[in-house]
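>>> Structure for this input, please:
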Amino acid sequence: MSASEAVTDALRDLHARFAGVREGERADYIPELARSDADDFGLALVSMDGHRYSAGAAGTPFTLQSVSKPFVYALALSSLGLDEVGRWVGAEPSGEAFNAISLEPRTGRPANAMVNAGAIVTTALVPDRPDAPAFTRVLTALSRFAGRKLDVDEEVYGSEAATGDRNRALAYLIRSTGTLPVDPVAAVDTYFRQCAVRVTAVDLAVMAATLAHGGVNPVTGEAVVSADVAAQVLAVMATCGMYNSSGDWLLRVGLPAKSGVSGGLIAAGPARFGLAAYSPLLDAAGTSVRGRAALGALSERLGLHLMRNPALPGSTVTLATTADVLPSAPSGRRERALRERVGVVAAQGALDFTAAERVLFALDESGPGQVGSVVLDLREVTGADSVALALLHAGLARLARDGRRAAVVDPGNRLGPPDLVRERTGQDLPRYGSREEAVERCAQAMAGPV
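Below is the predicted model:
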């Protein structure tokens with residue numbers, strides 16, 4: 001166990017809370033989706049530093065379905081630009097279901113790229129050449145967002161192709177208005193294939209985190225799309241990603257999101273994290289019942305609502321090392337050996353969920369495995385909200401349970417009064433006025449067996 005598993009604990013708590021929910025139905029109009037396991041339920045979160053957390057069936061494969069739409073929209077925007085894509089597909093909420101006929105009266109443009117009609121046109125806009133077929137481009141882009149090579153579930157693709165007459169009808173209707181730039185049969189076939197691309201909830205969290213990270217995959221470090229494109233996609237997700245419940249979702253959960261009828265659901269906190277859920281039981285709007293409940297509860301629990309708590313700028317962790325490399329380290333062999341077992345982490349600024357997660361991860365990385373001590377220096381921290389405090393307390397409690405002695409440099413009492421810290425961490429956490437004093441005391445405490 002590690003301090004940063006306090007984030008995993010939050011996911012596990014929500015998984016346990018909603019795993020027993022039985023409301024909703026599987027998408028039986030695509031026969032292969034109706035064969036999914038109704039008990040599957042996974043949650044995942046990926047931070048801007050590429051740290052991955054998960055609970056439940058987060059590694060279970062399923063198909064993207066409509067969760068593919070934001071990423072193919074990003075590909076079209078990257079290839080053609082916003083003005084050209086906007087000629088063919090609008091960006092206004094339709095207020096209707098995902099498969100509705102949402103075409104502008106005069107132009108014939110689909111309302112947005114998140115409903116099926118708009119997604120079919122968006123897919124049709126992806127350049128298609130003999131040396132680089134459209135679907136190859138789509139699959140490559142989706143794989144880059146996920147940070148690994150993805151593939152197609154051919155059985156689901158065949159099932160969609162055999163039952164997708166409504167989508168074909170939409171394509172022909174759009175073609176009749178002159179706003180579908182390619183043959184309807186080819187456009188819909190590529191669309192069916194993109195929907196049948198196979199992922200896991202962890203993949204989806206990485207994909208959402210890539211959009212949240214300005215188009216840079218936080219796991220691989222690859223710039224998948226530009227920051228402008230990522231912002232444009234997130235804007236459409238915020239207003240249109242949840243179809244006719246988009247307004248209610250943004251009001252209550254406060255995150256750009258996208259759902260799919262296989263049970264996948266993503267949400268993104270710009271500059272903060274990517275979230276994903278998987279559970280195939282759907283509500284009337286085609287959204288995962290458990291996923292919607294869990295992500296809503298997580299947003300409330302961790303203070304993630306975009307409008308209420310915007311991301312904080314600046315670097316949080318300013319130092320993460322071991323005490324033997326500090327300028328004040330003594331030259332004696334035994335003293336340096338003791339200090340090698342003392343991790344040191346320093347933080348600055350105001351701490352919210354995102355900042356606290358970075359501190360917890362740094363605590364894990366600051367020492368050699370699960371041995372020794374760790375000093376947390378909070379002198380430059382200007383404040384911490386209730387969510388950050390709860391995470392820090394939980395992380396310090398984990399360190400104690402794992403046998404790692406912790407000490408803090410906290411003259412501003414940022415962790416709270418000693419009685420509260422004792423209650424939440426299960427220990428009398430030593431507090432010191434300087435980093436050097438804290439390091440020295442931790443090293444002295446280990447001066448017995450080395």
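>>> what separates stretch 373-381 from the chain centre, distance-wise?
On the basis of CA atoms, centre = their mean, to the nearest Å, stretch 373-381 sits 28 Å off its chain's mean C-alpha point.
>>> where in the stretch 351-450 of the chain is pLDDT low?
For the stretch 351-450 of the chain, the stretches with pLDDT under 70 are 367-371, 448-450.
>>> Check what pLDDT residue 1 gets.
The model reports residue 1 with a pLDDT of 54.
>>> before we move on, what about residue 105?
65.
>>> and if you look at the one 5 residues further on?
Taken from the predicted model, the pLDDT recorded for residue 110 is 87.
>>> Look up how far residue 206 lies from it.
28 Å (CB to CB, to the nearest Å). In short, each C-beta sits where N, CA and C put it, glycine included.
>>> Quick check, central residue of this structure?
residue 274 (1.4 Å; CA atoms, centre = their mean).
>>> name the element it belongs to?
Taking DSSP states H and E as the criterion, residue 274 maps to strand 273-278.
>>> Which neighbouring elements make contact with that strand?
strand 42-47, helix 201-212, strand 264-269, helix 289-302 (3 or more CB pairs under 8 Å, 6 or more residues apart in numbering; DSSP states H and E).
>>> now the angle from that strand to strand 42-47?
Put simply, strand 273-278 runs at 170 degrees to strand 42-47, going by axes from the mean of the first three to the mean of the last three CA atoms, to 10 degrees.
>>> could I get strand 273-278 in PDB with only the CA atoms?
Only the C-alpha atoms of strand 273-278 are listed here, as PDB (Å, rounded to 0.1, in the frame of the first residue of the first chain):
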ATOM      1  CA  PHE A 273      -7.600  14.800 -14.600                       C
ATOM      2  CA  GLY A 274      -9.500  12.300 -16.800                       C
ATOM      3  CA  LEU A 275     -12.300  10.200 -15.400                       C
ATOM      4  CA  ALA A 276     -14.000   7.100 -16.800                       C
ATOM      5  CA  ALA A 277     -16.600   4.600 -15.800                       C
ATOM      6  CA  TYR A 278     -17.900   1.300 -17.300                       C
END
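>>> Just want the angle from that strand to helix 289-302.
Going by the same axes, to 10 degrees, strand 273-278 makes 150 degrees with helix 289-302.
>>> what does the average pLDDT come to for strand 273-278?
97.
>>> May I have the strands that pair with that strand, each with its orientation?
According to DSSP bridges, strand 273-278 has the following sheet partners: strand 42-47 (antiparallel), strand 264-269 (antiparallel).
>>> picking that back up, look at residue 110 and residue 206 and report which has more neighbours.
residue 110 (30 against 26; other CB atoms under 10 Å).
>>> That one touches residue 91, doesn't it?
No - the pair formed by residue 110 and residue 91 falls short of the contact definition of CB atoms under 8 Å, at 10.3 Å.
>>> Low-confidence regions, the chain specifically.
1, 94-105, 107-108, 179-180, 309-314, 367-371, 448-450.
>>> Map the structural domains onto the sequence of it.
Listed domain ranges for the chain are 5-302, 317-445 (source: automatic domain parsing).
>>> Reformat those domains as a markdown table; add distance to residue 308.
Shown next, in a markdown table, are those (distance: least, CB to CB, whole Å):
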| stretch | distance to residue 308 |
| --- | --- |
| domain 5-302 | 7 |
| domain 317-445 | 11 |
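>>> So which of those is the most surrounded?
Of these, the one with the most neighbours on average (mean count of other CB atoms under 10 Å) is domain 5-302, at a mean of 21.
>>> hmm, back to that, out of the helices and strands packed on strand 273-278, nearest to residue 339?
Nearest to residue 339, of all these, is strand 42-47, at 29.4 Å by CB to CB.
>>> What is the helix or strand just after the closest one packed up against?
Proceeding N to C from strand 42-47, the next assigned helix or strand is strand 52-56, under DSSP H and E. On a contact count with 3+ CB pairs under 8 Å, 6+ apart, strand 52-56 meets helix 5-18, strand 42-47, helix 201-212.
>>> change it to 6 Å
Counting contacts by 3 or more CB pairs under 6 Å, 6 or more residues apart in numbering; DSSP states H and E, strand 52-56 is packed against helix 5-18, strand 42-47.
>>> Next up, the contacts around residue 327.
By CB atoms under 6 Å, 6 or more residues apart in numbering, residue 327 lies in contact with nothing.
>>> what separates it from residue 362, distance-wise?
Distance from residue 327 to residue 362, by CB to CB: 20 Å.
>>> Likewise for residue 142?
Taking CB to CB, one finds residue 142 at 32 Å from residue 362.
>>> ok, now residue 340?
17 Å.
>>> And residue 269, by the same measure?
Applying CB to CB to residue 269 and residue 362 gives a distance of 20 Å.
>>> mind listing the helices for the stretch 301-450 of the chain?
333-339, 353-365, 386-401, 418-425, 435-445 (DSSP state H, counting those that start in this stretch).
>>> Now do stretch 335-349: everything it contacts.
314, 316-324, 329, 359, 362-363, 366-367, 372-377, 380-382, 439, 442-443, 446.
>>> As a check, name the ranges of all strands in this structure.
42-47, 52-56, 62-63, 151-152, 197-199, 257-259, 264-269, 273-278, 317-322, 342-351, 373-384, 405-409, 431-432 (DSSP state E).
>>> List the neighbours of the third one that are in contact with it.
When contacts are taken as CB under 6 Å, 6+ apart, the neighbours of strand 62-63 outside the stretch itself are 153, 156, 196, 198, 262, 278.
>>> mind running it again at 8 Å?
33, 36, 40, 153, 156, 195-200, 260, 262-264, 278, 280 (CB atoms under 8 Å, 6 or more residues apart in numbering).
>>> Next: the fourth one.
Contact partners of strand 151-152, identified using CB under 8 Å, 6+ apart, comprise 139, 193, 196-198.
>>> with the residues you listed in mind, which one is nearest to residue 4?
For the contacts of strand 151-152, the nearest to residue 4 is residue 198 (28.6 Å; CB to CB).
>>> Pull the contacting residues for that closest one.
So, once contact is read as CB under 8 Å, 6+ apart, residue 198 ends up touching 61-64, 150-153.
>>> Look up the closest residue to residue 158, ignoring the ones flanking it.
Of all residues not flanking residue 158 in the chain, residue 32 sits nearest, at 7.8 Å (CB to CB, 6 or more residues apart in numbering).
>>> who are the neighbours in contact with that neighbour?
Here residue 32 is in contact with 153, 155-156, 158-160 (CB under 8 Å, 6+ apart).
>>> In a markdown table, list the helices and strands packed on strand 273-278 along with distance to residue 21.
Formatted as a markdown table, these follow (distance: least, CB to CB, whole Å):
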| stretch | distance to residue 21 |
| --- | --- |
| strand 42-47 | 13 |
| helix 201-212 | 17 |
| strand 264-269 | 14 |
| helix 289-302 | 5 |
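>>> Enumerate the beta-bridge partners assigned to residue 351.
residue 384.
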